[in-house]
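Undergrad: Have a look at this prediction, sequence included:
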Amino acid sequence: MRNKAGLVKISGFQVVPENDQESFMKALAHQPVSLAIEGYGRDFQLCKGGVFNGKCGTQLSHAVTAIGYEKDYIIVKNSWGTGWGENGYMRMLRNNGHPNGLCGIYMWASYPII
């Protein structure tokens with residue numbers, strides 16, 4: 001609910017079922033989704049552009065926000081500034097054949113309830 005100043009009050013959050021790509025994508029179709037991924041791998045840290053399909057595991061270590069998607073990738077915003085990825089964003093491969101998703105993207109996610 002918006003107040004007169006245009007601010008939104010968050011009343012809680014909803015956890016996306018673990019390793020459930022369909023639920024993750026349904027949530028992402030309506031709002032940004034906060035998530036944890038494995039972010040300490042060299043490929044992830046040195047990401048410069050293109051659809052990311054680098055080597056990474058599922059030891060969740062870094063928080064990012066998924067903000068949208070296309071057929072083959074999820075658009076992820078990082079907090080490391082505009083020098084990382086594509087002006088601070090990454091296009092992460094959506095279907096890597098593993099239920100956890102690339103870098104564990106489907107393992108731990110949630111979104112705000114407004």
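TA: Looks like it came in fine.

Undergrad: just the strands in the chain please.
TA: For the chain, the strands defined by DSSP state E occupy 12-16, 33-37, 51-52, 62-69, 73-77, 89-93, 109-113.

Undergrad: Not counting its own residues, what contacts the shortest one?
TA: Identification of contacts with strand 51-52 by C-beta atoms under 8 Å, 6 or more residues apart in numbering yields 43-44, 72-73, 85, 90-93, 102. Using the backbone N, CA and C atoms, a C-beta is placed for each residue, glycine as well.

Undergrad: got it, and the second one?
TA: The contact list for strand 33-37 (C-beta under 8 Å, 6+ apart) reads 16, 24, 27, 44, 56, 60-66, 76, 103-105, 107-111.

Undergrad: What subset of the residues you listed is buried?
TA: 16, 24, 27, 44, 56, 60, 62, 64-66, 76, 103-105, 107-109, 111 (16 or more other C-beta atoms under 10 Å).

Undergrad: among the strands of the chain, which is nearest G6?
TA: Of all the strands of the chain, it is strand 109-113 that lies closest to G6, at 16.1 Å by C-beta to C-beta.

Undergrad: Point out the other helices and strands that that closest one packs with.
TA: strand 12-16, helix 21-28, strand 33-37 (3 or more C-beta pairs under 8 Å, 6 or more residues apart in numbering; DSSP states H and E).

Undergrad: again, only using 10 Å
TA: Packing partners of strand 109-113 (3 or more C-beta pairs under 10 Å, 6 or more residues apart in numbering; DSSP states H and E): strand 12-16, helix 21-28, strand 33-37, strand 62-69.

Undergrad: just the CA coordinates of the third one, formatted as CSV?
TA: The one in question is strand 33-37. Listed next in CSV are the C-alpha coordinates belonging to strand 33-37 (Å, rounded to 0.1, in the frame of the first residue of the first chain):
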residue,chain,number,x,y,z
VAL,A,33,13.3,-11.5,-6.0
SER,A,34,16.0,-11.5,-3.4
LEU,A,35,18.3,-14.5,-3.5
ALA,A,36,21.5,-16.1,-2.4
ILE,A,37,24.0,-17.5,-4.9
